[in-house]
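[1] The following comprises the amino acid sequence and a computationally predicted model.
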Amino acid sequence: MASASNWFMHPLRVRYQETDQMGVVFHGNYVTWFEIGRTEWIRNAGYDYKKIEQGGLLLPVVDLQCRYLLPALYDDTLLVCTRIAECSPVRVTFQSQIRRVTQSDFHPEELAEDQQLPGELLVEGGTKHVWVNAQWQPTRINKAMPELYELLRTKST
């Protein structure tokens with residue numbers, strides 16, 4: 001089980017539109033939730049994609065891994081847990097987990113660094129990205145935006 005160290009946790013509730021006739025979340029929604037996790041991770045770190053893109057950097061996905069263990073259901077409260085697994089000047093890899101929690105499970109302000117992530121693991125995976133410029137040429141983030149690179153590097157596991 002993963003410890004809470006370096007994970008950013010973003011809560012969400014499963015909406016009816018995200019489920020099929022059986023009330024089970026459609027599998028493609030987990031990829032969207034991974035994206036929400038990355039976006040909120042970066043925002044929580046003091047940046048946002050808009051600022052990064054205005055700086056001339058783009059971050060396309062080049063690989064996606066997703067392993068389904070248990071289904072999320074309509075009206076479940078979920079945690080999108082995200083952290084940086086690897087970071088280099090040209091690539092970054094995010095690790096993601098989707099966990100089902102109850103309100104009594106989730107008190108992020110009370111989680112110690114060595115404490116386990118709350119709730120039940122439903123889906124795990126991650127995405128790999130390459131930094132590119134506006135012309136889609138690979139770009140070294142340590143040169144283009146050194147302060148962001150340093151932040152990502154210090155937050156990687």
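    Right, received. Where do you want to start?

[2] Please, where are all the strands along this structure?
    Secondary structure of the chain (DSSP state E): strands located at 8-13, 61-68, 77-87, 91-101, 120-130.

[3] in the helix ranked longest in the chain, what counts as buried?
    Ordering each helix of the chain by length in residues (DSSP state H) puts helix 29-44 first. For helix 29-44, burial by neighbour count (16 or more other Cβ atoms under 10 Å) applies to Asn29, Tyr30, Trp33, Phe34, Glu35, Gly37, Arg38, Glu40, Trp41, Ile42. (Glycine included, C-beta is placed from N, CA and C.)

[4] what residues are up against Asp138?
    Actually, residue 138 is Pro rather than Asp. Applying Cβ atoms under 8 Å, 6 or more residues apart in numbering, we find Pro138 in contact with Val90, Val130, Trp131, Val132.

[5] Make CSV out of these and add pLDDT.
    Formatted as CSV, the contacts of Pro138 follow (pLDDT from 0 to 100):
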residue, pLDDT
Val90, 97
Val130, 98
Trp131, 98
Val132, 98
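
[6] Report the buried members of these.
    Neighbour-count burial (16+ other Cβ under 10 Å) is assigned, among the contacts of Pro138, to Val130, Trp131, Val132.

[7] wait, which of those residues is closest to Lys143?
    Checking these against Lys143 with Cβ to Cβ, the nearest one is Trp131 at 10.1 Å.

[8] which stretches of this structure have low pLDDT?
    Low-confidence segments of the chain, defined by pLDDT under 70, are located at 1-4, 104-114, 157.

[9] can you name the farthest residue from the center of it?
    Going by Cα atoms, centre = their mean, the residue of the chain most distant from its centre is Gln21, 27.4 Å out.

[10] Kindly provide the distance from the closest residue in space to Arg100 that isn't next to it in sequence to Val31.
    Spatial nearest neighbour of Arg100, chain neighbours left out: Glu120 (4.6 Å); criterion: Cβ to Cβ, 6 or more residues apart in numbering. Distance, Glu120 to Val31, by Cβ to Cβ, to the nearest Å: 20 Å.

[11] what do you get for Thr139?
    25 Å.

[12] Then Thr19?
    Note on Thr19: its distance to Val31, by Cβ to Cβ, is 16 Å.

[13] Equivalent analysis for Arg140, please.
    Distance from Arg140 to Val31, counting by Cβ to Cβ: 27 Å.

[14] again, but for Ala72
    For Ala72, the distance to Val31 (Cβ to Cβ) stands at 13 Å.
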